[in-house]
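[1] What shape does this take:
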Amino acid sequence: MTLSHDPLQKMRKAPGIVRLHGHRGARGIWPENTLIGFQGAMDMGIQAIELDVLLTKDNVPVVTHNPKLMIATSRDKNGQWLSNENLNVAELHFDELRQIDVGGILAGSTYASLYPDQAFLFGQNIPTLEDIARLVCRDAYQNVWMNLEIKSTPLGNHVMPSPKALAENVLSLIAEYGLDSRTIIQCFDWRVLREVERIAPSIPRSYLTYMDCPAPVMAPNIYVDSPWMAGTSYNDKSELCEIIVELGGAVWSPFHKDLTMRDVERAQSLGLIVNAWTVNEKADFDRMIEFGVDGIITDYPNRAQRHLLKRGLVWHDNISLPK
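    Purely as a prediction, here's the structure:
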């Protein structure tokens, strides 16, 4: 296959181009995983929006990150902050979930300290995947891709639907809206990606990775005998790209701090796209640019745009450097 006939060409790096993915829309600017955040990112010229999908109790795919509602970003219909930390998305009907306002961050919370410049909005409900599909199908956004993360865990510490149910419900909606050719499915739980391959083998799959380390900030999924890796055998980091290729993966999405230039070169030599997550600081932008990644997943696409321009780079094919 030549690059000119590559269906993923628009997601690969090109001379002078590093692809930008708006993480959860543009979490550093707008409330995460909201319609206003996704539309804002696309209106900025971001070519790929990264979003998270879970299933409600009545099997509605909704766009939200945590298996349990995050009380630091959730208010009830009366504007009161939620106090119950154990509200599982998978145990709520969509009509219940739709009443939650996720447009702001609770002052004084740890989350607020992480995103001090995020807008505080009212009336921002958790969208459905169908809401996002309708948005992306508008004429103005025909060149936008969805980098869609299905949220799942094999650890049994959350109430979650099966990988099969997750994949079936998400892929059914993508097919309904004809977005197969503009969607990448990614997941840390590779069992879900195995189901995606079974149901819709033509949709490119992205294998999210977070290496085990002494003080992980979240659950690692890459280690010996990991239940996240769908039964594959892992002994050494140097084997990781080969494993993903053997599984039929098109994209490798590693945590940016896990990467080396050699990793990127090896992955790309095998035909993989490398999208690093979640890159927010200037020094990290520089490091990913120097490493030659295809895509940068960022909470601050505005910051990334300015930094790319400063480096004489752009983020998609239809723009040129200002004179």
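[2] Let me see the ranges of the helices in the stretch 1-150 of the chain.
    Along the stretch 1-150 of the chain, the stretches classed as helices by DSSP state H, counting those that start in this stretch are 35-43, 94-97, 110-114, 129-136.
[3] Point me to the helix or strand that includes Ala252.
    In this structure residue 252 is Trp, not Ala. Using DSSP states H and E, Trp252 sits within strand 251-254.
[4] Identify the residue spatially nearest to His256, adjacent ones excluded.
    Counting by CB to CB, 6 or more residues apart in numbering, His256 lies nearest to Ala276, which is 4.1 Å off, once chain neighbours are set aside. Bear in mind the C-beta positions are built from the backbone N, C-alpha and C, glycine included.
[5] What's opposite Leu55 in the beta bridge?
    Counting by DSSP bridges, Leu55 is bridged to Pro61.
[6] wait, isn't it in contact with Ser172?
    No: taking contacts as CB atoms under 8 Å, Leu55 lies outside contact range of Ser172: 11.7 Å.
[7] any common contacting residues for those two?
    Residues touching both Leu55 and Ser172 by CB atoms under 8 Å, 6 or more residues apart in numbering: none at all.
[8] Among those two, which residue is more densely surrounded?
    Applying other CB atoms under 10 Å to Leu55 and Ser172 shows that Leu55 carries more neighbours, namely 24 against 13.
[9] Enumerate every residue touching the more buried one.
    With contact set as CB under 8 Å, 6+ apart, Leu55 has these partners: 61-62, 89-90, 161, 165-166, 169.
[10] Against the centre of this structure, work out the most remote residue.
    Lys323 (33.1 Å; CA atoms, centre = their mean).
[11] any idea of the pLDDT on that residue?
    For Lys323, the pLDDT comes out at 80.
[12] same check, this time on Ser4
    Confidence score, pLDDT, at Ser4: 56.
[13] go on, Asp299?
    Confidence score, pLDDT, at Asp299: 98.
[14] And His307, by the same measure?
    98.
[15] for whichever strand or helix holds it, packing partners?
    Secondary structure from DSSP H and E places His307 in helix 301-310. When contacts are defined as 3 or more CB pairs under 8 Å, 6 or more residues apart in numbering; DSSP states H and E, helix 301-310 sits against strand 19-23, helix 282-291.
[16] Great, nothing more from me.
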